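Student: Just a sequence and a predicted model for now, questions to come.
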Amino acid sequence: MALNSLSEKRLILNLIKESRDGDIELYWVRARQRQLGIERADDRAKVTIAKDMIVYHFNRFYVQLRNEVKRNIILKWNERWDQPQKARWTKMFSDRLSRG
């Protein structure tokens with residue numbers, strides 16, 4: 001039986017078995033019927049439980065995106081500034097802007 005397995009890889013099951021002295025009781029729970037959204041959520045939960053590691057990506061905040069774009073603009077500007085062919089033009093415009 002899987003609950004008596006010595007090589008259980010999921011840490012949560014080992015912790016439960018240790019805290020309960022190896023005694024775990026399972027109960028049958030009646031499934032929800034004709035609630036497609038809930039059934040789909042249950043299916044997704046079963047798939048997730050079967051994985052060893054859960055991967056979740058958090059959305060970035062607007063401020064993080066803005067800072068990343070700003071950082072990329074500065075990097076591109078510095079790359080252009082350091083290029084010998086384009087640097088003359090860039091420096092020429094930069095001098096005009098700083099005088100104006």
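Tutor: In hand now; what should we look at?
Student: Neighbours of residue 16, how many?
Tutor: Applying the criterion other Cβ atoms under 10 Å, we find 13 residues in the vicinity of residue 16. Heads up, the C-betas are built off the backbone N, CA and C, glycines and all.
Student: Just the buried positions in the host helix or strand of it, please.
Tutor: For residue 16, the element it lies in under DSSP states H and E is helix 11-19. By 16 or more other Cβ atoms under 10 Å, the buried positions in helix 11-19 come out as residue 17.
Student: helices or strands up against that helix?
Tutor: Packed against helix 11-19 by the contact rule (3 or more Cβ pairs under 8 Å, 6 or more residues apart in numbering; DSSP states H and E) you find no helix or strand.
Student: After that helix, which helix or strand is next? Please name it.
Tutor: If you walk from helix 11-19 toward the C-terminus, the next helix or strand you reach (DSSP H and E) is helix 36-50.
Student: next SSE after that next one?
Tutor: Beyond helix 36-50 toward the C-terminal end (DSSP H and E), the next one is helix 62-82.
Student: Show me the shaky parts of this protein.
Tutor: Across the chain, residues meeting the criterion (pLDDT under 70) sit at 1-9, 20-36, 54-58, 86-100.
Student: 90 instead, please
Tutor: Scanning the chain with the threshold set as pLDDT under 90 gives 1-65, 74-100.
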